[in-house]
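Colleague: got a predicted structure plus its sequence, pasted below:
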Amino acid sequence: MLPIVKGLLAGERRALARAISVIDNDYLESHEIIREIFSKTGKARTVGFTGSGGAGKSSLIGRLIPECQALGYKVAVLAVDPTSPITGGAILGDRVRMQGNLDDKKVFMRSMASRGAVGGVSKSLRNAIRILDAAGYDLVLVESVGAGQLEVEISRVVNITVVLFTPHTGDNVQAVKAGLTEIGDMYVVNKSDIEGSTALYNTIVDLIGNTERRPAVLKTSAKTGRGVREVAQNIDKLLKEKSINYKERERRMLEDELKDMVLNIVEKKVVSMLAGDKKYSEFIDKLLKKEIDPYVAAEQLASGLINK
Ligand SMILES: Nc1nc2c(ncn2[C@@H]2O[C@H](COP(=O)(O)OP(=O)(O)O)[C@@H](O)[C@H]2O)c(=O)[nH]1
Ligand SMILES: [Mg+2]
């Protein structure tokens with residue numbers, strides 16, 4: 001067994017942090033780590049938090065940690081921010097630590113840079129969750145930045161998605177309608193201590209709360225702590241409900257993952273085959289001379305590769 005795996009299974013935080021870095025940077029060693037821990041995973045449940053920057057995701061997560069611990073969970077936090085050059089959890093950790101009643105030793109926090117191509121975020125996130133899972137964390141809270149496609153990608157990897165809105169960040173009916181109505185299992189209007197939050201809350205209840213899915217719409221203030229316990233209780237309830245059809249959902253997630261991985265391998269192969277294919281440059285010449293059109297060219301090249 002790799003020393004790093006031995007360390008993380010024994011609950012050593014440094015080994016845990018290093019293993020997640022290895023995953024995040026997509027080093028070759030990550031294959032070996034996942035191979036060794038995979039059979040020990042499957043217990044952790046995951047909650048994603050999405051919403052515009054400044055909505056209060058980090059602050060709310062900070063408040064939720066002790067509430068979820070009180071419900072019996074061993075909590076870890078992953079912040080996914082591909083735009084952030086900072087790794088190691090500084091930004092997230094600072095905001096969360098500002099809130100007094102947090103026992104640093106009981107919670108594990110980490111930011112991920114998640115470089116890489118399409119699907120890169122879900123791949124490293126899935127594997128970072130597996131590592132935390134094997135290390136004994138059974139609730140992983142995932143913070144993402146508010147960047148459309150990424151949020152949808154993350155929502156496919158976690159069990160529950162919580163969407164945050166606040167009156168501060170210019171969230172309005174348009175923002176609510178723009179895609180986020182689909183991905184949330186729970187909606188939270190944060191900053192209920194400031195003006196405009198009741199109007200926003202009512203709008204969201206109208207738009208989303210009465211749809212067929214009837215997701216919960218809650219109000220919080222991460223500043224005062226009001227409403228945070230209800231969010232934790234609701235998460236707990238949803239996780240327990242979902243555990244009924246959890247197997248089916250897990251199957252779908254693994255299907256997605258496997259497809260991504262196969263496509264990735266095939267894509268790399270095809271790119272290198274094309275690079276070494278004389279016909280490829282011949283076709284480009286033909287295209288330049290308008291002797292052939294792009295559809296026919298692509299069809300012929302592709303069938304040439306597949307039949308090799
Ligand atoms: N008034 C008020 N401010 C809040 C609340 N929650 C967060 N904030 C502030 O909003 C800013 C952004 O919070 P942060 O948690 O970093 O948001 P994130 O970008 O979504 O992670 C910070 O200055 C917080 O102190 C709240 O409930 N009420
Ligand atoms: Mg944040």
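Modeller: Yep, that arrived. Numbers count the residues shown, from 1 in each chain. Ligands and ions are numbered 1, 2, ... in the order given.
Colleague: which elements pack onto the longest helix out of those in the chain?
Modeller: In the chain, taking DSSP state H as the definition, the longest helix is helix 246-275. Counting contacts by 3 or more CB pairs under 8 Å, 6 or more residues apart in numbering; DSSP states H and E, helix 246-275 is packed against helix 120-134, helix 294-306. C-beta: built from backbone N, CA, C; applies to glycine.
Colleague: any idea of the mean pLDDT in that helix?
Modeller: In this model, helix 246-275 has an average pLDDT of 87.
Colleague: near ligand 1, which residues of the stretch 1-150 of the chain?
Modeller: By CB under 6 Å from any ligand atom, the residues of the stretch 1-150 of the chain that approach ligand 1 are G51, G53, G54, A55, G56, K57, S58, S59, R95.
Colleague: hmm, which of those are the buried ones?
Modeller: Among these, those classed as buried by 16 or more other CB atoms under 10 Å are G51, A55, G56, K57, S58, S59, R95.
Colleague: tell me the residues on this structure that lie near ligand 2, please.
Modeller: When proximity is defined by CB under 5 Å from the ion, the chain lies next to ligand 2 at K57, S58.
Colleague: ranges for the helices of the chain?
Modeller: Under the criterion DSSP H, helices of the chain are mapped to 3-9, 13-24, 29-37, 57-70, 90-97, 120-134, 149-155, 173-177, 180-183, 197-204, 228-242, 246-275, 278-288, 294-306.
Colleague: least reliable of these by average pLDDT, please.
Modeller: Minimum mean pLDDT among the helices of the chain: helix 90-97, a mean of 53.
Colleague: neighbours around the closest residue to L71 other than its chain neighbours, how many?
Modeller: Leaving aside its sequence neighbours, L71 sits nearest to D236 (CB to CB, 6 or more residues apart in numbering; 5.2 Å). For D236, the count of nearby residues is 17 (other CB atoms under 10 Å).
Colleague: so who does the closest residue to T166 other than its chain neighbours touch?
Modeller: Leaving out its chain neighbours, the residue that sits closest to T166 by CB to CB, 6+ apart is K191, at 4.3 Å. By CB atoms under 8 Å, 6 or more residues apart in numbering, the contact set of K191 is A55, G56, T166, P167, H168, S197, S221, A222, K223.
Colleague: next up, the contacts around R130.
Modeller: R130 makes contacts with I34, I37, F38, T41, as judged by CB under 8 Å, 6+ apart.
Colleague: cool, thanks, signing off.
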